[in-house]
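A.B. asks: Have a look at this fold, sequence not included:
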């Protein structure tokens with residue numbers, strides 16, 4: 001392997017390591033961000049229920065559940081890095 005080939009290999013490895021680290025950071029951020037929104041959705045769903053709007057309550061809860069599911073997938077992805 002020539003020195004030139006080695007440098008390409010090292011650069012490729014460094015790029016991959018940087019992308020993996022960035023992905024770890026992004027996954028953690030996305031999970032936290034989703035959890036924050038999920039909590040807010042659930043609070044507002046309760047408020048919708050209190051004012052008597054059962055359909056809005058139901059739809060917001062479904063959205064919150066979807067965010068929870070998305071966070072669960074992201075957490076599972078994070079385990080595999």
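C.D. replies: Alright, I've got the coordinates. No experiment lies behind these values; they were computed from the predicted model shown.

A.B. asks: What is the neighbour count of residue 60?
C.D. replies: Using other CB atoms under 10 Å, the number of residues around residue 60 comes to 21. In this view, the C-beta of every residue, glycine as well, is placed from N, C-alpha and C.

A.B. asks: which residue sits closest to it, ignoring its sequence neighbours?
C.D. replies: Leaving aside its chain neighbours, residue 60 sits nearest to residue 45 (3.9 Å; criterion: CB to CB, 6 or more residues apart in numbering).

A.B. asks: Which strands and helices lie in contact with the lowest-mean-pLDDT helix or strand in the chain?
C.D. replies: Each helix and strand of the chain was given a mean pLDDT (mean pLDDT, DSSP states H and E); the minimum falls on helix 3-50 at a mean of 91. Under the contact criterion of 3 or more CB pairs under 8 Å, 6 or more residues apart in numbering; DSSP states H and E, the helices and strands touching helix 3-50 comprise helix 54-79.

A.B. asks: In the helix it packs on, which residues are buried?
C.D. replies: Of the residues in helix 54-79, 57, 60-61, 63-64, 67, 71, 74 count as buried by neighbour count, 16 or more other CB atoms under 10 Å.

A.B. asks: Taking helix 3-50 as reference, get the angle to it.
C.D. replies: Per axes from the mean of the first three to the mean of the last three CA atoms, to 10 degrees, the angle that helix 54-79 makes with helix 3-50 is 160 degrees.

A.B. asks: pLDDT of helix 54-79, averaged?
C.D. replies: Regarding helix 54-79, the rounded mean pLDDT is 98.

A.B. asks: Check which helices and strands it is in contact with.
C.D. replies: Using 3+ CB pairs under 8 Å, 6+ apart as the contact criterion, the secondary-structure elements in contact with helix 54-79 are helix 3-50.
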